[in-house]
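S.K.: Model the following, please.
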Amino acid sequence: MTMFLVFSGLIVLLLMGMPVFAALGIAATTILMLSEGSISSVADTVYAHLDRSILTTIPLFVFMAQVMIHAKVIDDLYDMAHTLVGHVKGGLGVATVLSCTIFAAISGSSVATALSIGSSAIPQMKRFGYPERSALGVIAAGGTLGILIPPSGPMILYAIVSEVSIGALFLAGIVPGLLMALVFSAFCIVQARARSDLSAPAWAGWDKVSAAFKRSFWAVMAPPVVMGGIYFGVFTASEAAAAGSLYAILVARFVYGRLTLRGLYDCAYKSMRTSMMVFMIIAAAAMFGHAITIIRLPYGITEAVAGMGLGPYAFILIVMAMIFVMGMFFEAIAIILITTPILLPTMIALDIDLVWYGILLMINLELAMITPPVGMNLFVIKGITDAPLVDVVRGAAPYVALMLFGLAVLMFVPDIATWLPYSAGFGR
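M.R.: The predicted structure follows:
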């Protein structure tokens with residue numbers, strides 16, 4: 001009954017349009033006042049959660065993305081991908097997925113990926129006769145890779161709430177992210193070859209491919225610099241974020257020549273605004289986690305699961321179904337911060353690998369970006385194309401099925417996610 005009341009209250013506040021941090025804060029304050037008659041413990045709880053050096057990864061990765069977006073590296077990225085595979089039937093779709101994959105590893109944002117790649121790719125795809133619905137779908141789905149491929153904002157938030165290593169999560173997301181991109185690309189080729197009216201541009205030649213790669217080389221190297229440093233133990237996650245920010249500044253200023261002092265200020269200002277929003281949400285989530293711990297809600301769930309005799313896989317299956325439904329109505333940040341504190345003790349009691357669960361969660365949050373009625377990427381694509389929303393939804397529908405398939409495979413083959421971080425020395 002307590003869990004029902006807590007969830008009901010949160011859902012009502014969020015459906016009213018209240019910001020996530022405010023909804024969590026009000027729910028936490030209400031619980032504490034009813035259970036303890038005081039909120040005196042809130043200040044210490046919030047300070048303890050915010051006084052952590054790992055939080056520096058958030059503004060630094062956001063700043064890295066802002067600088068690379070400011071330098072307009074997306075034009076060169078898409079041109080390189082298009083020149084490389086555009087001549088294959090369905091190659092424009094593959095080029096779009098490839099561009100989304102690389103940009104996702106720079107921006108860490110699904111919405112930014114869909115917006116940036118979509119603005120460049122959709123006109124090109126339509127120019128070469130690509131069906132509009134298919135073009136809309138591949139952009140909407142390709143943009144979701146920003147959640148799974150590191151550095152990922154939702155991944156960092158999950159790591160902070162669950163106290164899982166950010167470096168381990170980043171490495172765990174690489175293989176599933178690349179496999180998902182490969183599946184999307186294969187579907188684009190199969191879909192294109194099923195149409196007799198779809199043409200492909202002529203092969204550009206190795207000279208143009210080489211020239212396009214040279215133009216985009218420094219942008220393409222950003223993800224390996226960050227993730228390679230983590231894998232080989234050169235950087236911690238915080239140091240990798242700082243190295244990535246420095247790399248972005250050097251590339252934007254000296255390679256692209258598009259970063260002035262004014263531009264640097266604008267990037268820092270946007271990063272500050274975004275980071276402060278995230279920190280407010282983390283503070284509210286700390287309050288919420290403290291409040292539900294006071295009323296022993298997580299432990300009550302653990303005891304209920306133990307009484308039902310559910311094993312790890314049955315529990316994960318139920319949780320994934322619940323999060324899929326929540327994803328139709330709530331944004332990724334809200335889902336992470338509401339569910340993780342409640343489910344964490346049960347997952348620990350069932351000996352569920354928290355890194356593996358984190359990647360399952362990220363794929364499920366990808367689904368939330370393209371499932372109506374509130375899939376953010378659907379509205380982003382509609383906004384930049386003026387296409388009917390129903391066409392965007394129908395274009396994205398096959399990718400929902402592909403991601404559900406990927407989620408199922410990862411559920412039964414956890415090593416896809418866990419072998420890379422554990423081989424790099426990150427303990428379970």
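S.K.: shaky segments in this protein?
M.R.: Applying pLDDT under 70 to the chain flags residues 1-4, 7, 86, 196-202, 204, 298, 302, 306, 374, 427-428.
S.K.: Would you confirm that residue 130 contacts residue 92?
M.R.: Yes. The criterion here is C-beta atoms under 8 Å, and residue 130 meets it with residue 92 at 5.5 Å. No exception for glycine: its C-beta is placed from N, CA and C like everyone else's.
S.K.: neighbour count winner among the two?
M.R.: residue 92 (30 against 26; other C-beta atoms under 10 Å).
S.K.: What separation is there between the nearest residue to that one once chain neighbours are set aside and residue 88?
M.R.: Nearest in space to residue 92, with sequence neighbours left out and distances taken as C-beta to C-beta, 6 or more residues apart in numbering, is residue 125 at 5.0 Å. Residue 125 sits 14 Å away from residue 88, going by C-beta to C-beta, to the nearest Å.
S.K.: okay, the two: which has more neighbours?
M.R.: Ranked by neighbour count (other C-beta under 10 Å), residue 125 and residue 88 place residue 125 first, with 24 against 19.
S.K.: so the more buried one is in which element?
M.R.: Residue 125 belongs to helix 110-127 when elements are defined using DSSP states H and E.
S.K.: For that helix, name the packing helices and strands.
M.R.: helix 57-70, helix 73-85, helix 91-107, helix 132-143, helix 145-148, helix 354-369, helix 376-385 (3 or more C-beta pairs under 8 Å, 6 or more residues apart in numbering; DSSP states H and E).
S.K.: I'd like those laid out as CSV, including distance to residue 279.
M.R.: Compiled in CSV, the helices and strands packed on helix 110-127 are given as follows (distance: least, C-beta to C-beta, whole Å):
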stretch, distance to residue 279
helix 57-70, 7
helix 73-85, 27
helix 91-107, 20
helix 132-143, 25
helix 145-148, 20
helix 354-369, 20
helix 376-385, 21
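S.K.: The ones you listed: which one's closest to residue 160?
M.R.: Closest approach to residue 160 among the helices and strands packed on helix 110-127 (C-beta to C-beta): helix 57-70, 8.6 Å.
S.K.: And the residue nearest the centre of this protein?
M.R.: The residue lying closest to the centre of the chain (C-alpha atoms, centre = their mean) is residue 147, at 1.2 Å.
S.K.: So which of the helices and strands packed on helix 110-127 is nearest residue 166?
M.R.: Closest among the helices and strands packed on helix 110-127, using C-beta to C-beta: helix 57-70, at 6.2 Å.
S.K.: On the three-state scheme, residue 233 is what?
M.R.: Recorded secondary structure, residue 233: coil (DSSP: H, G, I helix; E, B strand; the rest coil).
S.K.: Residue 55 reaches residue 286, doesn't it?
M.R.: No. At 11.6 Å, residue 55 does not count as touching residue 286 under the criterion of C-beta under 8 Å.
S.K.: ok so, going back, starting at the chain centroid, how far to the helix holding residue 125?
M.R.: Relative to its chain's centre, helix 110-127 lies at 18 Å (C-alpha atoms, centre = their mean, to the nearest Å).
S.K.: For that helix, buried residues please.
M.R.: Applying a neighbour-count criterion of 16 or more other C-beta atoms under 10 Å, one finds 110-118, 120-122, 124-125 buried in helix 110-127.
S.K.: ok and the longest helix along the chain relative to helix 57-70, angle-wise?
M.R.: Scanning the chain for the helix with the most residues, using DSSP state H, yields helix 261-294. Helix 261-294 runs at 150 degrees relative to helix 57-70, counting by axes from the mean of the first three to the mean of the last three C-alpha atoms, to 10 degrees.
S.K.: Report the buried residues of helix 261-294.
M.R.: Buried-residue list, helix 261-294, by 16+ other C-beta under 10 Å: 263-264, 267, 270-271, 274-275, 278-292.
S.K.: got it, and stretch 403-420?
M.R.: For stretch 403-420, by 16+ other C-beta under 10 Å, it's 403, 406-407, 410, 414, 416-418, 420.
S.K.: Ok, stretch 324-334 next?
M.R.: 324, 326-327, 330-334.
S.K.: Identify those among these that sit within helices.
M.R.: Under the assignment DSSP H, these contribute 324, 326-327, 332-334 to helices.
S.K.: how about those residues in CSV, adding distance to residue 371?
M.R.: Converted to CSV, those look like this (distance: C-beta to C-beta, whole Å):
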residue, distance to residue 371
324, 8
326, 11
327, 6
332, 12
333, 16
334, 15
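S.K.: Looking at the residues you listed, which is nearest residue 9?
M.R.: Out of those, the member with the shortest distance to residue 9 (by C-beta to C-beta) is residue 334, at 13.5 Å.
S.K.: That closest one touches residue 20, doesn't it?
M.R.: Yes. The criterion here is C-beta under 8 Å, and residue 334 meets it with residue 20 at 4.7 Å.
S.K.: Give the intersection of the neighbour lists for the two.
M.R.: residue 14 (C-beta atoms under 8 Å, 6 or more residues apart in numbering).
S.K.: what residues are up against residue 248?
M.R.: By C-beta under 8 Å, 6+ apart, residue 248 lies in contact with 63-65, 67-68, 71, 222.
S.K.: Repeat the analysis, applying 10 Å as the threshold.
M.R.: 60-61, 63-71, 73, 106, 218-219, 222, 225-226, 259, 267 (C-beta atoms under 10 Å, 6 or more residues apart in numbering).
S.K.: What sits closest to it if chain neighbours are left out?
M.R.: Nearest residue to residue 248, sequence neighbours excluded (C-beta to C-beta, 6+ apart): residue 67, at 4.0 Å.
S.K.: just checking, the one you found touches residue 259?
M.R.: Yes. Counting by C-beta atoms under 10 Å, residue 67 does reach residue 259; the two are 6.7 Å apart.
S.K.: Quick one: neighbours of residue 322, just the number.
M.R.: Count around residue 322 with other C-beta under 10 Å applied: 14.
S.K.: How many residues are close by residue 402?
M.R.: Applying other C-beta under 10 Å, I find that residue 402 has 15 neighbouring residues.
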